[in-house]
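Trainee: Mind folding the following:
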Amino acid sequence: MFLTRPQRVFAILLNYQNPSDTLRCVSSLRRSTMRGIFPVVIDNASGNGDSEQLQDVLGPGIPVLESPENRGYAAGNNIGIRHALDRDADYVWILNPDTTVETDTLQGLLTTMALHPDAGFVGPVNLIGDSDPASIQSAGGRIDWESGAVAESFDRGRAYAARPRRDPYEVDYVQGSSMLVRRAVFEDIGLLPEHYFLYFEETDLQVTASRRGWKSIINPLARAWHFQGSATHLPAPYYTYYYIRGRILFARKFTDSSDETIRRGLNGFINGWRSRVRERAPDWLDAHNTLVEWALADGYAGVTGARDDVNAMRRPGIQ
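Mentor: Numbering: from 1, shown residues only. The predicted model follows:
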């Protein structure tokens, strides 16, 4: 199927102290076979000259917008989304800066949008960066509402060549690292919710949209590479804290699950990372456990926004 006219797609990249990843992502966008793609970079108050460096390299054709403060993933991306909507975007493509896309990725996503007018969100299969043969990080996911809103990614770790699906399929959520969103969704329900600070914002948006009839769909022939990872294979403090807290906030918003059910649903995440820290960085185990306690307490207390003492912590090296 060929689209009859170019669609105006604004690709939104939120940079935070990692200009090399951001530039690599923009470079992959520039190789796209689709016309009408407009990259926009938002520097999320990196505070180290990133915005100037990025603008110098990218040139005047790609705007680098500056957030006056780091208020998290949603608030930063919303700056770019507003910029796109004000300039008549048909679609907004939210991309993590540590991703790259293939030349035909956008074409596949737009074709799926055209075939499914009730699709509010379309995503590719996200592959583990540098995996060879290509391995799947996420192919969309489902939410187990009865277990306290446990989010489960499809086909994680599976070889891409062995993926079980070839045709587009509906999911509960598209991974936010590469997510094409129809303009009408934002006009219908608003922008990304900003109270989480990090994690579950895009899931919240998709669940809210689904209750108004919008679908989330994966095109398994479209691919993006996600280079997320850690040289130490240990969880960053912000990841431990905001993921746990965000899961609680998300579950309490969309389910009637008891705190006990929500806690049981988090056990796999908490115990898995605790075991890894105990094995690889035992001297850091007490600090890791403290982060878990903070996240649980703050989640049940309904705390939102940034927590500065968490943001200031750094992940240790391997012992």
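Trainee: mind showing which ranges of the stretch 201-319 of the chain have poor pLDDT?
Mentor: Scanning the stretch 201-319 of the chain for pLDDT under 70 picks out the ranges 229-232, 317-319.
Trainee: Strands of that one, start to end?
Mentor: Per DSSP state E, counting those that start in this stretch, the stretch 201-319 of the chain carries strands over the ranges 215-226.
Trainee: Tell me the gap between the longest helix anywhere in the chain and the middle of its chain.
Mentor: For the chain, the longest helix by residue count, based on DSSP state H, is helix 259-280. Distance of helix 259-280 from its chain centroid, counting by C-alpha atoms, centre = their mean, to the nearest Å, is 21 Å.
Trainee: Could you list every helix and strand that that helix packs against?
Mentor: With contacts defined as 3 or more C-beta pairs under 8 Å, 6 or more residues apart in numbering; DSSP states H and E, helix 259-280 has these neighbours: helix 237-254, helix 285-301. From N, CA and C alone the C-beta is placed, and that goes for glycine too.
Trainee: any idea of the angle that helix forms with helix 237-254?
Mentor: 170 degrees (axes from the mean of the first three to the mean of the last three C-alpha atoms, to 10 degrees).
Trainee: Start at 426, not 1
Mentor: Happy to do that; since the first residue is 426 now, the last one works out to helix 684-705.
Trainee: List the buried residues of helix 684-705.
Mentor: 686-688, 690-691, 694-695, 698-699, 702, 705 (16 or more other C-beta atoms under 10 Å).
Trainee: residues near R456, how many?
Mentor: 11 (other C-beta atoms under 10 Å).
Trainee: Could you pull up the residues touching it?
Mentor: R456 makes contacts with T528, as judged by C-beta atoms under 8 Å, 6 or more residues apart in numbering.
Trainee: Check the spacing between it and G472 real quick.
Mentor: Plainly put, R456 is 31 Å away from G472 if you go by C-beta to C-beta, to the nearest Å.
Trainee: which residues touch the spatially most central residue of the chain?
Mentor: The centroid of the chain falls nearest to G601 when counting by C-alpha atoms, centre = their mean (2.8 Å). G601 makes contact with 498, 519, 521, 626-628 under the criterion C-beta under 8 Å, 6+ apart.
Trainee: Including distance to T537 and neighbour count, could those residues go into TSV?
Mentor: TSV is the format used below for the contacts of G601 (distance: C-beta to C-beta, whole Å; neighbours: other C-beta atoms under 10 Å):
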residue	distance to T537	neighbour count
Y498	25	24
I519	16	27
N521	20	21
E626	22	25
E627	18	25
T628	20	25
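Trainee: What about those, which are in helices?
Mentor: Using DSSP H, these in helices are 498, 626-628.
Trainee: any idea where the helices of the chain begin and end?
Mentor: 444-455, 475-483, 498-511, 530-540, 608-614, 626-635, 662-679, 684-705, 710-726, 733-736.
Trainee: Much appreciated, bye for now.
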